[in-house]
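>>> I'd like to go over a predicted model; first the sequence, then the structure.
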Amino acid sequence: MTTRGVPIDADAVDDAAGRLAGVVSTTPLERNTRLSDAMSAEVWLKREDLQTVRSYKVRGAFNLIAQLDDIARAFDDARTIAGQGTVIREAVEQLGTSPDVVVLPVGGGGLLAGSLTWLAQRHPQTRVIGVEPEGAAGVAAALAAGEPVTLSEIDTFVDGAAVRRAGAVTFPIIAASGVELVAVPEGRVCSEILALYQTDGIIAEPAGALASAALGMSTVKIPDSASVVCVLSGGNNDVSRYAEVVERALIYEERKHYFLVEFPQEPGALRRFLDEVLGPNEDITLFEYVKRSNRETGPALVGIELASPDDLPSLLKRMETAPPRIERIDASSPLFRFLL
């Protein structure tokens with residue numbers, strides 16, 4: 001395929017690999033026990049979080065810049081796409097055989113387009129799954145519209161892949177491929193970030209955990225014993241975001257819930273709530289008393305963390321019979337924007 005006068009094919013990806021030799025790192029391809037056991041498959045992580053600048057994106061950037069004069073520069077370029085495609089080329093070379101499935105994070109579509117181009121000519125039997133953040137599924141929107149469209153609103157949490165508009169160069173390559181696309185909720189990405197850290201000892205940025213977060217979803221069917229290459233695209237995580245990652249993960253897993261409680265203005269009201277409403281495996285993680293609206297009652301915002309989502313029905317039942325008026329704040333409520 002030719003885009004803006006520049007050919008993009010498997011040879012372009014091969015040429016990019018030669019151009020990048022000695023400039024970028026050959027990142028490890030590691031079998032992941034946690035994901036392999038969960039999927040009953042052989043799941044390999046391509047560790048681009050260990051790349052120079054801790055992201056695969058340097059591959060495409062350098063391959064483009066190395067071929068430009070001092071004036072010309074663009075992100076949505078065939079040479080960038082070819083450079084991004086070297087990630088999968090390198091992974092297949094390390095694996096030593098064609099993987100059954102390749103799972104890739106998707107933002108503007110450069111990594112996906114480059115990988116599709118190379119695999120279609122070199123390993124056409126390999127199935128490719130592109131994974132977008134649910135709150136910024138720009139490529140899926142483009143495919144539905146038949147052309148790139150600008151999303152009016154996006155969730156920027158998965159910042160490395162939260163793109164309002166699919167690339168004009170990447171779109172026709174992706175559209176012609178018939179690739180599978182799935183969208184992953186941001187909360188599930190957060191759960192995967194924590195699993196990567198706590199179980200695998202890997203620090204991943206949200207976009208880095210995007211592809212592996214799709215594994216195990218009901219929309220992603222992986223045959224038993226299949227070989228799966230999953231690109232962990234980056235590790236530029238900010239430790240200051242850890243609290244938000246934990247919060248989003250707990251809400252997604254239905255282990256954290258928020259309530260407005262109208263406490264009566266009398267001694268012992270909070271103690272009765274603790275004794276009569278909370279169970280032994282439930283903790284208050286947030287308690288913010290709001291200025292009382294009348295002499296009889298005073299509202300409080302209460303966050304409760306459960307040991308298991310299965311504990312929620314019994315908690316709600318106890319709340320129904322409790323003296324204070326209690327209102328559950330649904331995750332779809334605009335008020336949730338003030339909590340996250």
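Thanks, I have the structure now.
>>> Do a quick rundown of the strands in the chain.
When assigned using DSSP state E, the strands of the chain occupy the ranges 2-3, 6-7, 29-31, 42-47, 101-105, 127-133, 180-184, 227-232, 256-264, 282-289, 297-306, 325-329.
>>> Need the winner for burial among those strands.
For those, average neighbour numbers computed from mean count of other CB atoms under 10 Å are highest in strand 101-105, which has a mean of 27. For glycine as for every other residue, the C-beta is placed from the backbone atoms N, C-alpha and C.
>>> Please name the nearest non-neighbouring residue to the residue sitting nearest the centre point of the chain.
With distances taken as CA atoms, centre = their mean, the residue of the chain nearest its centroid is Leu210 (2.9 Å). Nearest residue to Leu210 in three dimensions, chain neighbours excluded: Pro105, at 4.0 Å (CB to CB, 6 or more residues apart in numbering).
>>> who's in contact with the one you found?
With contacts defined as CB atoms under 8 Å, 6 or more residues apart in numbering, the neighbours of Pro105 are 111, 130-131, 160-161, 207-208, 210-211, 231, 233.
>>> let's see it at 6 Å
The neighbourhood of Pro105, defined by CB atoms under 6 Å, 6 or more residues apart in numbering, consists of 131, 161, 207, 210-211, 233.
>>> now Arg127
In this structure, Arg127 makes contact with Val101, judged by CB under 6 Å, 6+ apart.
>>> again, 8 Å this time
Contacts here follow CB under 8 Å, 6+ apart; on that basis Arg127 touches 100-102, 180.
>>> re the thing from before, dump the contacts of Pro105 into CSV; add distance to Glu48 and pLDDT as well.
As requested, the contacts of Pro105 are arranged in CSV below (distance: CB to CB, whole Å; pLDDT from 0 to 100):
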residue, distance to Glu48, pLDDT
Val131, 14, 98
Ala161, 13, 94
Ala207, 10, 95
Leu210, 12, 97
Ala211, 10, 98
Ser233, 5, 90
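>>> Identify, from those residues, the entry nearest to Asn281.
Leu210 (31.5 Å; CB to CB).
>>> From Val103, how far off is the closest one?
Applying CB to CB, to the nearest Å, the value for Leu210 to Val103 is 9 Å.
>>> got any residues that touch both of these two?
The overlap between the contact sets of Leu210 and Val103 (CB under 8 Å, 6+ apart) consists of Val131.
>>> for the stretch 1-150 of the chain, what spans make up the helices?
For the stretch 1-150 of the chain, applying DSSP state H, counting those that start in this stretch gives helices covering 10-20, 33-39, 57-65, 78-95, 110-122, 138-145.
>>> per-stretch mean pLDDT over those, give me the minimum one.
Looking over the helices of the stretch 1-150 of the chain, mean pLDDT reaches its minimum on helix 57-65, with a mean of 61.
>>> Cool, thanks, signing off.
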